[in-house]
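Colleague: Fold the stuff below for me.
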Amino acid sequence: MARIASSPEVEAFFGACLPVLQAGMGGVAQPELAAAVCEAGAFGMIGLYRHTLDEIGALLARTAQLTRARFGVNLVPFVLDADALLERLAFLADRPERPVVTFFGLPDASVLRALPAGMEYGVQAGTWDELEAGFDAGARFGVLQTTEAGGHHLGSTPRGQALDQAGRHGVDRRMVFLSGGISNAAELRQVVQAGFSGALCGTVFAATRESAAHERYKQAIVNATPGDTVVTDRFSIGWHTHRHRVIRNASCEQSLPASVIGSAHYFGKRYPILRYSVAVPTVHTEGLIEEMALYCGTSCKDTHSIRTVRQVLADLTA
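Modeller: Next up is the predicted model:
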């Protein structure tokens with residue numbers, strides 16, 4: 001059977017011959033991961049979360065050193081007010097790298113009306129209505145997230161339901177990707193056959209060698225089964241608006257004090273990590289790693305070892 005390939009439209013826009021977008025996971029999706037994904041033929045993104053402009057500039061420059069391919073950045077409107085979001089968008093628009101912007105959730109209308117001229121962006125949404133609103137506002141592509149996804153949830157649609165509804169929502173008429181637990185070629189082929197342009201994947205890339213996730217977090221993904229994950233609102237310090245899928249741990253099972261359980265060293269600064277913080281454990285983190293937010297989708301079912309990005313993509317598109 002032929003390898004799963006991008007449509008001409010997807011390849012022209014993203015520069016990716018494989019129809020896979022790597023999720024811009026805050027802390028985990030650093031330049032090394034994004035560049036490795038691009039170099040392997042898919043589309044990589046950097047997770048920006050609350051990064052300052054100087055930090056964003058450094059991350060973009062580093063990624064451009066590692067790949068000449070087009071890459072993206074992911075911004076989260078829920079954790080930035082409109083002014084802060086527009087400041088970052090203006091900065092991105094003036095950068096020589098000109099990354100593709102993806103919003104995790106639809107920004108306010110005031111932000112969309114004030115976007116820099118010519119900015120090409122996409123929107124991740126949890127409902128068909130939000131996805132439609134993103135396209136109406138000018139998005140070039142959209143991602144529908146389903147409940148199998150790891151991390152924060154934007155809606156409550158299971159993947160099977162999204163696949164059943166794809167035809168009536170005309171996903172084959174524009175670039176719409178599906179996200180949530182997609183971890184093997186059979187699932188990706190089903191997504192494409194339903195009319196989607198491809199898939200956005202996170203967990204399978206979080207557990208790669210190039211990921212900035214802490215090694216014990218990567219191993220927790222490898223050891224987990226879908227039944228070991230739970231959708232909860234426990235990890236809400238720093239982002240309280242959405243439930244999220246994580247690997248079940250002591251912080252989920254017990255009501256414990258929100259005391260400091262670790263720290264992260266990043267861009268020359270030290271940040272304390274409270275129990276129930278939204279912060280994910282990375283290579284820059286120390287402390288009670290197994291009790292932090294271990295975001296993980298049901299795609300852990302096919303993650304049996306810590307692999308390279310190329311190995312993951314080879315399995316996804318075989």
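
Colleague: Extract the residue ranges of the stretch 1-150 of the chain that are flagged as low pLDDT.
Modeller: Along the stretch 1-150 of the chain, segments meeting pLDDT under 70 span 1.

Colleague: what are the ranges of the strands in it?
Modeller: Remark: strands assigned in the stretch 1-150 of the chain by DSSP state E, counting those that start in this stretch are 20-22, 45-47, 72-75, 100-104, 121-125, 141-145.

Colleague: quick one: contacts for His169?
Modeller: 128, 131-132 (Cβ atoms under 8 Å, 6 or more residues apart in numbering). Yep, even glycine has a C-beta here, placed from its N, CA and C like the rest.

Colleague: Separate out the buried members of those residues.
Modeller: Neighbour-count burial (16 or more other Cβ atoms under 10 Å) applied to the contacts of His169 gives 128, 131.

Colleague: from the contacts of His169, which is closest to Gly202?
Modeller: When the contacts of His169 are compared for distance to Gly202 (Cβ to Cβ), Leu131 wins out at 18.2 Å.

Colleague: Can you tell me what sits against the top helix by length along the chain?
Modeller: Looking across the chain with DSSP state H, the single longest helix is helix 53-66. For helix 53-66, contacts defined as Cβ under 8 Å, 6+ apart pick out 30-32, 34-36, 39, 44, 46, 48, 51, 71, 73, 87-88, 91-92, 95-97, 99, 267.

Colleague: hmm, back to that, distance to Ala12 added to the contacts of His169, as TSV?
Modeller: Below are these laid out as TSV (distance: Cβ to Cβ, whole Å):
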residue	distance to Ala12
Trp128	26
Leu131	21
Glu132	23
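
Colleague: closest to His284 among the contacts of His169?
Modeller: Leu131 (34.1 Å).

Colleague: what are the bridge partners for the nearest residue to the closest one once chain neighbours are set aside, then?
Modeller: Ranked by Cβ to Cβ, 6 or more residues apart in numbering and with sequence neighbours excluded, the top spatial neighbour of Leu131 is Ala125, at 4.3 Å. Note on Ala125: beta-bridge partners by DSSP bridges are Leu144.

Colleague: In contact with Ala125: list those residues for me.
Modeller: Applying Cβ under 8 Å, 6+ apart, the residues contacting Ala125 are 105-106, 131, 133-134, 142-145, 154-155.

Colleague: okay, these in TSV with distance to Gly195 next?
Modeller: Below are the contacts of Ala125 laid out as TSV (distance: Cβ to Cβ, whole Å):
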residue	distance to Gly195
Gly105	23
Leu106	22
Leu131	13
Ala133	20
Gly134	17
Gly142	13
Val143	14
Leu144	12
Gln145	17
Leu154	21
Gly155	19
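
Colleague: out of those residues, which are buried?
Modeller: Listed as buried from those are 105-106, 131, 133-134, 142-145, 154-155; burial here means 16+ other Cβ under 10 Å.

Colleague: Gly160 versus the residue nearest to Gly181 when sequence neighbours are not counted, what's the distance?
Modeller: Leaving aside its chain neighbours, Gly181 sits nearest to Glu148 (2.9 Å; criterion: Cβ to Cβ, 6+ apart). Distance, Glu148 to Gly160, using Cβ to Cβ, to the nearest Å: 9 Å.

Colleague: okay, the two: which has more neighbours?
Modeller: Glu148 (26 against 11; other Cβ atoms under 10 Å).

Colleague: Test my guess that that one contacts Cys300.
Modeller: No. At 10.4 Å, Glu148 and Cys300 do not qualify as touching, with contact defined as Cβ atoms under 8 Å.

Colleague: Mutual contacts of these two, please.
Modeller: Pro226.

Colleague: Spell out the residue ranges of the strands in the stretch 201-318 of the chain.
Modeller: Shown for the stretch 201-318 of the chain, the strands assigned by DSSP E, counting those that start in this stretch span residues 229-232, 244-247, 260-266, 269-274, 285-287.
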